[in-house]
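What shape does this take:
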Amino acid sequence: MRLMHAKMDFNLLVALEALLDECSVTAAAERLHVSEPAMSRTLGRIRKAVGDPVLVRAGHTMQPTPRAVAMRSEVRELVRRARTVLAPAGELDLTSLERTYTVTANDAMVTSVGDHLVSCVENEAPGVTLRFLAEPPGDHSGLREGSTDLEMGALGPAAPEVRTEALATDHHVLVMRPDHVLARGEVTAERVAEARHITTSRRGRLTGPLDEALAGLGLGRRITVSAPTFAATLLLLVNRHDVVGLIPWRQYRRSVQALGLVTRELPLELPPVELSLAWHPRDDADPAHAWLRARVRDSVRSVLS
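I've put the predicted structure just below:
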């Protein structure tokens, strides 16, 4: 079965609208700024596509066929809708925006930046819902598949097709109860190695950059427990046990202060925590998506500066 519509294009619809409005090849050609022979050829293509003469000669004028009269309003609406789809996006109305954004981040980013971001969204776009999910495995599959709108945090290497933007840097500090032995006196690599430690890893890893730095000095530390999130490290373990943990300082500064915990700078240099934002190129020109990216930037500047 031959599909005639496979050879149709938007220009035929525009020409058909002009011909049905003007009922004149000459007038339709002038309206669309094309030559009269070119419009005549287009009318021929239209007649072949729809299987109808569309316009027929009646004395010195042309009259639409019954089929043309019947489809006139539909053609006009199709052209209007097509022009709306192809036109640049208009001004974004945040008060009427209803949309659910899925954002992946670790608990440090949700606890710090997320709180401020939620407040911004509530104030500007009350119809928007933010859905935070745990940080992804690192392959950006959610962005590619469209199940994730944004990724934020320490993201690591990005896939080639993913847009990334640096947001801020952070660094790790030791955190402990006020009565912990490391809360007083000089913090040396030897004292750090002697303490009982808690690690934070969603995969349950028991080693990290601190172990590599200590190993370079011929030292090792005692890991007594591993927690999947920084919130668990702070609220459930460091706050109640004689252990020290590592936390990203700028992201957890307020939580540490609220809990009355103590932080100390490490005597060893660890790699900085690079915080980034990632999204798929399909959302580059979406005003609503661009608005959310801007709110994330604002929240990062406000909370982590």
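
so what's residue 158 closest to, chain neighbours aside?
Nearest non-adjacent residue to residue 158, counting by CB to CB, 6 or more residues apart in numbering: residue 164, 4.5 Å away. All C-beta spots, glycine's among them, are computed from the backbone N, C-alpha and C.

I'd say that neighbour and residue 154 touch.
No - if you go by CB atoms under 8 Å, residue 164 and residue 154 don't touch, sitting 12.0 Å apart.

and the longest helix for the protein?
helix 66-86 (DSSP state H).

residue boundaries of the helices in the stretch 151-300 of the chain?
Applying DSSP state H, counting those that start in this stretch to the stretch 151-300 of the chain gives helices spanning 189-194, 209-215, 230-232, 249-259, 287-304.

Low-confidence ranges, the stretch 1-150 of the chain, go.
For the stretch 1-150 of the chain, the stretches with pLDDT under 70 are 1-8, 84, 87-90, 136-140.

All the helices of it, residue numbers only.
10-22, 25-32, 36-50, 66-86, 107-109, 115-124, 141-145.

between these, which gets nearest to residue 219?
Nearest of the helices of the stretch 1-150 of the chain to residue 219, taken as CB to CB: helix 107-109 at 26.7 Å.

what distance separates the closest one from the middle of the whole chain?
Chain-centre distance of helix 107-109: 17 Å, with CA atoms, centre = their mean, to the nearest Å.

Just list what it packs against, helices and strands only.
Counting contacts by 3 or more CB pairs under 8 Å, 6 or more residues apart in numbering; DSSP states H and E, helix 107-109 packs against strand 150-153, helix 230-232, helix 249-259.

May I see the buried residues of the longest one?
Right, the one you point to is helix 249-259. 249, 250, 251, 252, 253, 255, 256 (16 or more other CB atoms under 10 Å).

what does it contact?
108-109, 111-113, 168, 170-173, 175, 230-231, 234-235, 239, 247, 263, 303-304 (CB atoms under 8 Å, 6 or more residues apart in numbering).

quick one: it to chain centroid distance?
26 Å.

what do you get for the first one?
Averaging C-alpha positions (CA atoms, centre = their mean) puts strand 150-153 7 Å from its chain's average.

quick revisit: how many degrees apart are the longest helix of the chain and helix 10-22 in direction?
130 degrees (axes from the mean of the first three to the mean of the last three CA atoms, to 10 degrees).

tell me what helix 66-86 is packed against?
Using 3+ CB pairs under 8 Å, 6+ apart: helix 66-86 touches helix 10-22.

List the buried residues in the helix it packs on.
The neighbour-count check on helix 10-22 (16+ other CB under 10 Å) flags 12, 13, 14, 15, 16, 17, 18, 19, 20, 22 as buried.

Determine the set of other helices and strands touching that helix.
helix 25-32, helix 36-50, helix 66-86.

Now render these as CSV, adding distance to residue 194 and mean neighbour count.
Output for the helices and strands packed on helix 10-22, formatted as CSV (distance: least, CB to CB, whole Å; neighbours: other CB atoms under 10 Å):
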stretch, distance to residue 194, mean neighbour count
helix 25-32, 84, 18
helix 36-50, 84, 16
helix 66-86, 67, 13
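
okay if I get the ones you listed as TSV plus distance to residue 268?
Shown next, in TSV, are these (distance: least, CB to CB, whole Å):
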stretch	distance to residue 268
helix 25-32	73
helix 36-50	75
helix 66-86	57
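
Next one: the residue nearest in space to the middle of the chain from residue 293, what distance?
Compute the mean C-alpha point of the chain, and by CA atoms, centre = their mean the closest residue is residue 150, 2.8 Å away. Going from residue 150 to residue 293 by CB to CB, to the nearest Å gives 7 Å.
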